[in-house]
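Enquirer: Got a predicted model here, sequence first, then my questions.
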Amino acid sequence: GSTGTGPPRFPTLQIAAVCMATFGNCFALTSLFPYVGFLVMDLGMVDDADEAGWYAGFIGASFMIGRLLSSFYWGYVSDTWGRKPVLYIGMASIGLFSVVFGMSVTYWMALVSRLVLGLLNGTVGTAKTLVGEICSKEHQAAGMGAILGTWSLGLIVGPAVGGLLARPAEQYPGAFGAPLWRQFPYLLPNLVVALLMVFGLPLVYFVLPETLAKAPRRPRRGKAGYAAVGGGGEGTDDGPALSDGDGDLEMGEAVHRQGHPKG
């Protein structure tokens, strides 16, 4: 926003909302690293810790495999339906599938939950796009720095919290002696990120504006295109009908181009 007479102000709340989504994404990505080998053993895949790395590697990589497979699709969704829906789905999936992962009772349940979590997350690319759209030019570098700094913070906090809160019944028997924590020893660190996303979703909804431009569609060249321009608002197979105002605007642009040929 602008003060009216001075330069535009830095959009602090909007950037904070994007940072929360980015932080949650990185937290979910990295928080399992300290305990995923023990998880593989507890799920009965191996008996020897030296053999756990092979299976742990697939669980650790499945999140990014999912992101790789779906990144182009989420870019299309962001450009078609808006930036905020992509953040909603990404944050909600982190909240849901982190809990599913924390309550996994088989190796394949853990692997698939992480893969789906990655498939449903287009947060990072959308967050970077939002910075360029909600920040003025003089604040774009600072906004991008905040996003990258938040990601770096997630790389630190995620593994730290994962290591501190995994197996809480063993580490903190006085506070976490309930049967739930013994049955699901890796649920607690995943609940932390899930609750973070629960609080973050309202912030994104109420604070962050939708920045996707809603520009009127230009008619295509050729017979169908000129029919859309001069057809009195009739629809064509190539696109939706133009309103009277849009048709007049497009007709004026077409006449202007015809009266001023290039060269």
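Expert: Looks like it came in fine.

Enquirer: Which residue ranges of the protein form helices?
Expert: Using DSSP state H, the helices assigned to the chain run over residues 12-30, 36-42, 52-80, 83-102, 107-119, 123-134, 137-165, 168-171, 179-183, 187-207, 223-230, 244-259.

Enquirer: So F97 sits against V116, correct?
Expert: Yes - F97 lies in contact with V116 (Cβ atoms under 8 Å); the separation is 5.8 Å. (Glycine included, C-beta is placed from N, CA and C.)

Enquirer: Excluding covalently adjacent residues, which one is nearest to the residue nearest the centre of the chain?
Expert: Nearest to the mean C-alpha position of the chain, by Cα atoms, centre = their mean, lies T123 at 1.7 Å. Once flanking residues are discounted, T123 sits nearest to G90: 3.9 Å by Cβ to Cβ, 6 or more residues apart in numbering.

Enquirer: what's the answer for D47, then?
Expert: Closest residue to D47 apart from its sequence neighbours, by Cβ to Cβ, 6+ apart: M41 at 7.2 Å.

Enquirer: Counting neighbours, what do you get for the residue nearest to V157 when sequence neighbours are not counted?
Expert: Spatial nearest neighbour of V157, excluding adjacent residues (Cβ to Cβ, 6+ apart): F27 at 6.5 Å. Around F27 sit 25 other residues, with neighbours defined as other Cβ atoms under 10 Å.

Enquirer: for G75, same thing?
Expert: Neighbourhood size, G75 [other Cβ under 10 Å]: 15.

Enquirer: roughly how far apart are it and R67?
Expert: 12 Å (Cβ to Cβ, to the nearest Å).

Enquirer: what touches both of these two?
Expert: Common contact partners of G75 and R67 (Cβ atoms under 8 Å, 6 or more residues apart in numbering): G122.

Enquirer: if we can go back for a sec, let me see the contact set for the residue nearest to T123.
Expert: Counting by Cβ under 8 Å, 6+ apart, G90 makes contact with 21, 25, 120-123, 126.

Enquirer: Local confidence estimate at A213?
Expert: Among the per-residue scores, A213 shows a pLDDT of 79.

Enquirer: Look up how far F206 lies from it.
Expert: Distance from A213 to F206, counting by Cβ to Cβ: 22 Å.

Enquirer: Also F58?
Expert: Per Cβ to Cβ, F58 is found 39 Å from F206.

Enquirer: More neighbours: those two, which one.
Expert: F58 (16 against 9).

Enquirer: and the residue nearest to the more buried one when sequence neighbours are not counted, what does it touch?
Expert: Leaving aside its chain neighbours, F58 sits nearest to L111 (6.2 Å; criterion: Cβ to Cβ, 6+ apart). Contacts for L111 (Cβ under 8 Å, 6+ apart) come out as 58-59, 62.

Enquirer: Tell me how many other residues surround S78.
Expert: S78 has 21 neighbours, counted by other Cβ under 10 Å.
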